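> here is the input, now give the coordinates:
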Amino acid sequence: MQELIKVKTQGDTQVVSARELYKGLEISQRFSRWVSNNWDMFEEGIDFNKCTSSTVVNNGAVRELDDYVITIDMAKQLAMMVRSEKGKQYRQYFLELERKME
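You can find the predicted model right below:
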C-alpha cells in the first residue's frame, strides 16, 4: 500500500495532520474555513487536538501555523465529505489502515 499521508501513533491511536490531509485532498477553500465548516461534528480531545506546524515562507522565514492532530476515523469521515477522486483514494487508504490494525 502506497503511503498517502504520514501516520503517527499516539498511545494506541493512529493520527494524521489535518493540514496534510487538507493538502492531499486538494481542498480549494482556506484551511481555517474548511475547519470551521467541518469540525462541529467532532469532539476536541477525542477526535482531534489542536497543535501547531510550521512552514517556510517566501523570504525564508519560518511561520507557525495552526494545525490539528486528527484520528484516522475522523480523517476517513472528512475524506468521505470530499466527493472527488482524491477523496476516494484517501477513504480507501484509511479503510486499509483500519483493516491492518484489527
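> before we move on, what SS does the residue of the chain positioned farthest from its centre have?
What lies farthest from the middle of the chain is N59; by C-alpha atoms, centre = their mean that is 27.2 Å. Secondary structure state of N59, per DSSP: H, G, I helix; E, B strand; the rest coil, is coil.
> phi and psi next, for it.
With angles defined as degrees, to the nearest 10, N59 sits at phi -80, psi 10.
> does L78 touch N38 like I think?
Yes: with contact defined as C-beta atoms under 8 Å, L78 counts as touching N38 (6.2 Å). To be clear about C-beta, it is placed using only N, CA and C from the backbone, and glycine gets the same treatment.
> so where do the helices sit in the chain?
Secondary structure of the chain (DSSP state H): helices at 18-24, 31-38, 72-81, 85-101.
> list the buried residues in the second one.
Going by neighbour count (16 or more other C-beta atoms under 10 Å), the buried part of helix 31-38 is 31, 34-35, 38.
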